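Chemist: Pasting the sequence and the predicted model now:
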Amino acid sequence: MFTPIALTPAERRTTLVRRAWMASERRVVARGLAGRALTALEPAAIGGLLAWAAVALANRVTPNVSPPAHDALPIAIVFAPVAVAFFIYAIWLVRDPIIALRKTFEPIFIVDGYVRTRGCDDLSARGSCGYVAVLTSDGRIAGEWPAIGPAEFSRTVRPAVAEFSEFGGIHAIDGRSTGILPRSFPPLGVGANRPPA
């Protein structure tokens, strides 16, 4: 069976129609980043605040003790590493949203070709249901992404006009959103996990 050759990133930029991200699309990604950052930094801020409060209260209660924070030192020693650990964890949590925001300065490609699905292979991750790809009109792979779902994909190919980004995947098929990029995102992500209406 013939496997079509995939386009390289350079070929995508020279041969495919592309457009810039709209401000409203970039705003959705920025709001997602802000919500994730706020959620991730909250435990670190609380741990740092507790360490600071322990030292500040000890100084206020025992001002003549040398060193003044002697009684609070064991408490601060407990809270300070916890705050640092939560801060490192927060950086790890916002890494992907920061990358996603940076990728909004790369193009969204538009292809009048085909959308192909196929099942898992030896390189598929656990929980994967296969792959979805955008093919050009001559059958070359413009982009392919792993998918997660309850049932493995069957092999299908159908004509479609697709919009996709290299990092995010397929944004729209025949003008209909795939849900990869929601139309809006609440400020700081509050209420974002509600089921759709």
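Modeler: Yep, that arrived.

Chemist: Flag the shaky bits of this structure, pLDDT-wise.
Modeler: 1-4, 57-76, 184-197 (pLDDT under 70).

Chemist: how about the strands in it?
Modeler: Remark: strands assigned in the chain by DSSP state E are 17-19, 108-118, 128-135, 141-148, 156-165, 169-173, 176-177.

Chemist: Let's have the ones you listed in a markdown table, adding distance to L50 and mean neighbour count.
Modeler: All C-beta spots, glycine's among them, are computed from the backbone N, C-alpha and C. Below are the strands of the chain laid out as a markdown table (distance: least, C-beta to C-beta, whole Å; neighbours: other C-beta atoms under 10 Å):
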| stretch | distance to L50 | mean neighbour count |
| --- | --- | --- |
| strand 17-19 | 48 | 12 |
| strand 108-118 | 45 | 19 |
| strand 128-135 | 42 | 21 |
| strand 141-148 | 38 | 17 |
| strand 156-165 | 41 | 17 |
| strand 169-173 | 41 | 19 |
| strand 176-177 | 44 | 10 |
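
Chemist: export those strands to JSON lines and tack on distance to A44?
Modeler: As requested, the strands of the chain are exported to JSON lines (distance: least, C-beta to C-beta, whole Å):
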{"stretch": "strand 17-19", "distance to A44": "38"}
{"stretch": "strand 108-118", "distance to A44": "34"}
{"stretch": "strand 128-135", "distance to A44": "33"}
{"stretch": "strand 141-148", "distance to A44": "30"}
{"stretch": "strand 156-165", "distance to A44": "31"}
{"stretch": "strand 169-173", "distance to A44": "31"}
{"stretch": "strand 176-177", "distance to A44": "35"}
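
Chemist: Quick check: which of the ones you listed is nearest to V29?
Modeler: strand 156-165 (10.5 Å; C-beta to C-beta).

Chemist: Next, the angle strand 169-173 makes with that closest one.
Modeler: 110 degrees (axes from the mean of the first three to the mean of the last three C-alpha atoms, to 10 degrees).

Chemist: Need the contact partners of strand 156-165.
Modeler: 103, 106-117, 134-135, 142-143, 170-175 (C-beta atoms under 8 Å, 6 or more residues apart in numbering).

Chemist: ok, 7 Å please
Modeler: If you take C-beta atoms under 7 Å, 6 or more residues apart in numbering as the criterion, strand 156-165 is touched by 103, 106, 108-112, 114-117, 134, 143, 170-174.

Chemist: mind listing what A40 touches?
Modeler: Counted by C-beta under 7 Å, 6+ apart, A40 has contacts 90, 93-94.

Chemist: go with 8 Å
Modeler: 89-91, 93-94.

Chemist: In a markdown table: those residues, plus neighbour count and distance to T15.
Modeler: Compiled in a markdown table, those are given as follows (neighbours: other C-beta atoms under 10 Å; distance: C-beta to C-beta, whole Å):
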| residue | neighbour count | distance to T15 |
| --- | --- | --- |
| Y89 | 13 | 42 |
| A90 | 20 | 41 |
| I91 | 14 | 38 |
| L93 | 15 | 37 |
| V94 | 18 | 34 |
